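A.B. asks: I would like the atomic coordinates for the input below:
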Amino acid sequence: MQETHLHISHAHEDPVPGTVYLNAEEGDETYYGQALFPIPTADPNDPLNLPRWRKYLALISVVLFTLVGNASILMPAPYIGTWSVEYGVTPQKASTVESYPVLMYALINLIWVPFALKFGRRPTWLASIIIFTVFQGVSAIAGDFQSLLAFNIVASTGAGICETVAVMVVDDVFFLHERGAILTFYTAALCLAAIAPFPSGYMLPNWHQAYWTTAGAGACIFILGFFFVPETYYDREEALKKYSVETVTTGKLEGQHVQVSEEVTSLPPRKPYVQQLKPWSGINRKATFWVSAIRQFSFLAYPAVLWTIIYYGIAIGIGALFISYSFPAVITAPPYNWSVQAGGTVTLAGFIGVLLSLPLGPLSDRWAAYMTRKNGGRREPEYRLWCLVPALIMSPCGLILYGLSAHYKLHWFGMFFGVGLFHASNFHGFSILIAYMVDCYNRNTAELLGIFIACKGTLSFGMGFEVLTWIEQRGIAVIGGIFAAVMLFIYLWIFFFIAFGKDIRRWTAKWRISHLHKG
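C.D. replies: Predicted structure coming up:
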């Protein structure tokens, strides 16, 4: 069964990018008392009209790949010492099995995204999973260090698109009023992937088995996605012209019943399910590969995009590098004297922090809807940012608590609580800021995501070269305090964008570079 919509909505965008008028008129379908946006068509093949169960199975598929793809990048951490002995290389060189794939994972999106725009989301996503699965399996039988490194880099080219497609599918099949809640699943996958070193070091017998596990997970996700992830690209502007709904009302007297009927042009037949399983899609003649590849970089001119990139890059760098690098050295030394294998247990604190925060996922959607009603039906992307204010306090406090507990050798619970607090704040920051960024500039969402993931991954990768040196030179308490101040500074920009975000969007819409996104 298709999801039932009235296919009538008077929602429309303002000339200012990101501002949407959601006032409902007679006959409109509403949610939170506001008209639906994007506007659904009467076309049975419109992704917005997919059955609810198909939408959520597609979401589960892409989110699982986000989880496994990210986890595969972090999984090698416990085996650096093993590889150093087994292959006769220095620990620094052995660590490149993790660091270089991290960089490739980020940069490959600059190629995958134009490919997905030209040839379709579904074939690109399925091809990327095949690459990931095959080379994760080949890594399990690598005979020398150079082969292991090369196979991991190639596998990361397949994993790289997992984040991009997840957000693209959310943007394609869910409405604006659902976006914040749905993106929390994507964010949860990113945050939960951080615990990958713990099961790989504790629960699996060796690194060969770890790679076989991720390869098996990739194969299962491919099967799930093959059957339940459709091609979600849809030319909505063209479809609204062809399949628009005309309303005819009868009854003019006050209090008289008003009937609303719909008249539409002839609709295409619904594609049979078997036809939807084709692993290829039609070529998008409107998309030009090289134009899309170059146009991605134009998004770096927008302040909201730069703010989101910096937040993600620094938060991931702190969470994945500062904490994960420093905790094992602290917990294995007196007075704790935990085993070397226990160095990954701190990821459980982040896991618990994310789980406890999950119920708050829809909060930004509900708050934005409330603010929209107060604003006469005009929705601004900045309404979401108010929900980030608690994280402004949680994130720096978590880092300070972790740093001081580690420096003064306080009870281990202090470090765990600080890490949990920090990751809980990151969970909200990740989900709300990416929703805010997509709300602001949604005309070329895929290209925006490509440059976003490439830049935030490169930024977090770059932090890895100096974090250990900083800790050795300054001490964990000082570096923790500096990072807390950095996160506080980044969060304080919330108020700047709440106050001036729309003015900035209005100003940047007049730039010549903005016309690149209107074609």
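
A.B. asks: Tell me where the stretch 101-250 of the chain has helices.
C.D. replies: 109-119, 121-139, 145-159, 162-173, 179-192, 197-202, 207-228, 236-242 (DSSP state H, counting those that start in this stretch).

A.B. asks: out of these, deepest packed?
C.D. replies: helix 162-173 (a mean of 26; mean count of other CB atoms under 10 Å). Quick note: C-beta positions are derived from backbone N, CA and C, even for glycine.

A.B. asks: Which parts of the stretch 301-450 of the chain are strands?
C.D. replies: For the stretch 301-450 of the chain, the strands defined by DSSP state E, counting those that start in this stretch cover 378-379.

A.B. asks: ok so, going back, include distance to Gly353 and mean pLDDT when you put the helices of the stretch 101-250 of the chain into TSV, please.
C.D. replies: Shown next, in TSV, are those (distance: least, CB to CB, whole Å; pLDDT from 0 to 100):
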stretch	distance to Gly353	mean pLDDT
helix 109-119	28	93
helix 121-139	28	96
helix 145-159	25	96
helix 162-173	21	88
helix 179-192	8	87
helix 197-202	14	76
helix 207-228	24	96
helix 236-242	38	80
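
A.B. asks: average pLDDT for stretch 318-330?
C.D. replies: Averaging pLDDT along stretch 318-330 yields 80.

A.B. asks: How far does it sit from its chain's centre?
C.D. replies: Stretch 318-330 sits 23 Å away from the centroid of its parent chain (CA atoms, centre = their mean, to the nearest Å).

A.B. asks: Return the set of buried residues in that stretch.
C.D. replies: 318-328, 330 (16 or more other CB atoms under 10 Å).

A.B. asks: Equivalent analysis for stretch 467-478, please.
C.D. replies: Counting neighbours by 16+ other CB under 10 Å, stretch 467-478 gives 467, 470-471, 476-477 as buried.

A.B. asks: Just the ones in helices from these, please.
C.D. replies: Counting by DSSP state H, the buried residues of stretch 467-478 place 467, 470-471, 476-477 in helices.

A.B. asks: Pick out the most distant pair among these.
C.D. replies: Val467 and Ala477 (14.8 Å; CB to CB).

A.B. asks: I'd assumed Phe115 was in contact with Gly450.
C.D. replies: No: with contact defined as CB atoms under 8 Å, Gly450 does not count as touching Phe115 (10.1 Å).

A.B. asks: tell me, what's touching those two both at once?
C.D. replies: Common contacts of Gly450 and Phe115, defined by CB atoms under 8 Å, 6 or more residues apart in numbering, are absent altogether.

A.B. asks: hey, where'd the helices end up in the stretch 401-519 of the chain?
C.D. replies: Shown for the stretch 401-519 of the chain, the helices assigned by DSSP H, counting those that start in this stretch span residues 412-440, 445-463, 467-474, 476-508.

A.B. asks: Please name whichever of the ones you listed is nearest to Leu48.
C.D. replies: The nearest among the helices of the stretch 401-519 of the chain, by CB to CB, is helix 445-463 at 14.7 Å.

A.B. asks: Buried residues of that closest one, list them for me.
C.D. replies: In helix 445-463, counting by 16+ other CB under 10 Å, buried: 445-457, 459-461, 463.

A.B. asks: In space, what's closest to Ile490 - neighbours in sequence excluded?
C.D. replies: Tyr311 (5.3 Å; CB to CB, 6 or more residues apart in numbering).

A.B. asks: Check the spacing between the residue lying closest to Phe198 once chain neighbours are set aside and Ala159 real quick.
C.D. replies: Nearest residue to Phe198 in three dimensions, chain neighbours excluded: Gly344, at 4.1 Å (CB to CB, 6+ apart). Gly344 sits 21 Å away from Ala159, going by CB to CB, to the nearest Å.

A.B. asks: would TSV of the helices of the stretch 401-519 of the chain with mean pLDDT be doable?
C.D. replies: Formatted as TSV, these follow (pLDDT from 0 to 100):
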stretch	mean pLDDT
helix 412-440	93
helix 445-463	87
helix 467-474	81
helix 476-508	94
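
A.B. asks: Adding distance to Ala106 as columns, could you present these in a markdown table?
C.D. replies: As requested, the helices of the stretch 401-519 of the chain are exported to a markdown table (distance: least, CB to CB, whole Å):
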| stretch | distance to Ala106 |
| --- | --- |
| helix 412-440 | 15 |
| helix 445-463 | 2 |
| helix 467-474 | 18 |
| helix 476-508 | 19 |
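
A.B. asks: So for Ala94, which of those helices sits nearest?
C.D. replies: Across those, closest to Ala94 is helix 467-474 (CB to CB), at 14.5 Å.

A.B. asks: right, and Thr332 touches Thr345 too?
C.D. replies: No: look at Thr332 against Thr345 with CB under 8 Å: they stay out of range, at 11.2 Å.

A.B. asks: Secondary structure class of Gln41, three-state.
C.D. replies: Just so we're on the same page, residue 41 is Thr rather than Gln. coil (DSSP: H, G, I helix; E, B strand; the rest coil).

A.B. asks: where do the contact lists of Thr332 and Thr345 overlap?
C.D. replies: Trp338.

A.B. asks: Look at these two and report which has more neighbours.
C.D. replies: Thr345 (20 against 15; other CB atoms under 10 Å).

A.B. asks: How confident was the prediction at that one?
C.D. replies: 83.

A.B. asks: ok, now which ones touch it?
C.D. replies: So Thr345 contacts 198, 331, 338 (CB under 8 Å, 6+ apart).

A.B. asks: if you set the cut-off to 7 Å instead, what comes out?
C.D. replies: Residues near Thr345 by CB atoms under 7 Å, 6 or more residues apart in numbering: Phe198.

A.B. asks: before we move on, what about the one 3 residues further on?
C.D. replies: Under the criterion of CB under 7 Å, 6+ apart, the neighbours of Leu348 are 195, 198.

A.B. asks: likewise the one 3 residues further on?
C.D. replies: The contact partners of Phe351, by CB under 7 Å, 6+ apart, come to 192, 195.

A.B. asks: do that again at 8 Å, thanks
C.D. replies: 191-192, 194-195, 423.

A.B. asks: likewise Trp112?
C.D. replies: 124, 128, 160-161, 164, 450.

A.B. asks: Looking at the buried residues of stretch 467-478, spot the one nearest Phe489.
C.D. replies: Trp470 (17.4 Å).

A.B. asks: What separation do you get for that closest one and Cys455?
C.D. replies: In terms of CB to CB, Trp470 sits 22 Å off from Cys455.

A.B. asks: Val16: neighbour count?
C.D. replies: Neighbour number of Val16 under other CB under 10 Å is 17.

A.B. asks: So it is in contact with Lys502, correct?
C.D. replies: Yes: taking CB under 8 Å as the definition, Val16 is a contact partner of Lys502 at 6.4 Å.

A.B. asks: Could I get the pLDDT score of Gln296?
C.D. replies: 91.

A.B. asks: The nearest residue to it once chain neighbours are set aside: what's it in contact with?
C.D. replies: Counting by CB to CB, 6+ apart, the nearest residue to Gln296 once its immediate chain neighbours are dropped is Ile451, at 4.1 Å. Ile451 makes contact with 109-110, 296-297, 299-300, 305 under the criterion CB under 8 Å, 6+ apart.

A.B. asks: Go again with 7 Å.
C.D. replies: 296-297, 299-300.
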